[in-house]
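Trainee: Output the structure for:
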Amino acid sequence: MPKLKTKSGAKKRFKLTATGKVKTAQAGKRHGMIKRTKKFIRNARGTTVLCEADARIVKKFLPYG
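Mentor: Residues are numbered from 1 along each chain as shown. Okay, the predicted model is just below:
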């Protein structure tokens, strides 16, 4: 059996949940916080689950995905 290959960028950015969903950090928090509303910054804390269409793409890059 050959080794399973993974995309290094994907394994740093995404994790799989126990049910197989793709978990990632919230977008839009890297820079430009002054122009963002307080509500946006507050709601963008923590992690989120990708939508099914995006998750299908990301799972191709992860082993056992």
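
Trainee: quick one: pLDDT of Thr47?
Mentor: Looking at Thr47, its pLDDT stands at 97.

Trainee: Quickly list what the spatially most central residue of the chain is bridged to.
Mentor: Against the mean C-alpha coordinate of the chain, by Cα atoms, centre = their mean, the closest residue is Thr24 at 2.4 Å. Note on Thr24: beta-bridge partners Phe14, Thr48, judged by DSSP bridges.

Trainee: Tell me how many other residues surround the residue nearest to Lys29 when sequence neighbours are not counted.
Mentor: What sits nearest to Lys29 in space, not counting adjacent residues and going by Cβ to Cβ, 6 or more residues apart in numbering, is Ala44, at 5.3 Å. Where C-beta positions appear, they are placed from N, C-alpha and C, glycine not excepted. As a burial measure, Ala44 scores 14 neighbours (other Cβ atoms under 10 Å).

Trainee: so who does Ala44 touch?
Mentor: Contacts here follow Cβ atoms under 8 Å, 6 or more residues apart in numbering; on that basis Ala44 touches Gln26, Ala27, Gly28, Lys29.

Trainee: ok, now which ones touch the first one?
Mentor: When contacts are counted by Cβ under 8 Å, 6+ apart, Gln26 is found next to Asn43, Ala44, Arg45, Gly46, Thr47, Thr48.
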